[in-house]
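Generate coordinates for the sequence data below:
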Amino acid sequence: MAMDFGDMQQIQRELQEKYQQKWGGLSPEKGRQLLLWMLCEAGEAAQLIKHKGDNAIMEEPAVRQAFIEELCDVMMYFNDVCLCYDIKPEVIEKVYHAKHERNMHRW
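Modelled structure (predicted):
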């Protein structure tokens with residue numbers, strides 16, 4: 001089953017609603033904190049590259065699984081940040097395409 005950005009945001013919304021009392025809900029103030037956590041998760045993915053290497057990520061199932069899980073953590077926090085700042089999937093899509101077009105003609 002393919003998942004798009006809207007599906008990811010809905011999953012994160014459900015998770016945030018379930019743990020609202022424990023995690024404190026979604027707000028711009030919380031978005032700042034979640035963005036920092038997202039960067040920490042990106043660092044954990046980078047640590048796998050540094051310590052295990054590219055070949056291990058490509059060829060060793062356990063290392064590859066751990067790397068993919070870290071990338072998923074990054075994506076989950078990214079979606080939470082978008083929810084905190086009320087950034088809808090269709091807006092991300094529009095801006096993403098515009099940014100791509102600029103990059104295609106940048107150099």
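
How about the residue nearest to the spatial centre of the chain: what's its closest non-neighbour residue?
Central residue of the chain (CA atoms, centre = their mean): M75, 1.4 Å from the mean position. Nearest residue to M75 in three dimensions, chain neighbours excluded: M8, at 6.5 Å (CB to CB, 6 or more residues apart in numbering). (Glycine included, C-beta is placed from N, CA and C.)

Could you check which helix or strand contains the one you found?
helix 5-18 (DSSP states H and E).

Could I get the buried residue list for that helix?
Within helix 5-18, the residues that qualify as buried are F5, M8, Q9, Q12, Q16, counting by 16 or more other CB atoms under 10 Å.

And the last one, what's its pLDDT?
If I follow you right, that is Q16. We have a pLDDT of 93 for Q16.

Spatially nearest residue to V63 (excluding sequence neighbours)?
A56 (4.3 Å).

And the strands in this structure?
For the chain, applying DSSP state E gives no strands.

can you give me the helices for it?
Along the chain, the stretches classed as helices by DSSP state H are 5-18, 20-23, 28-52, 54-59, 61-84, 89-104.

Quick one: residues in contact with the second one.
Helix 20-23 has contacts (CB atoms under 8 Å, 6 or more residues apart in numbering) with Q16.

Now do the same for the residue nearest to the centre of the chain: its pLDDT.
M75 is assigned 95 on the pLDDT scale.

With E44 instead?
98.

Hmm, it is touching E70, no?
Yes: counting by CB atoms under 8 Å, E44 does reach E70; the two are 4.8 Å apart.
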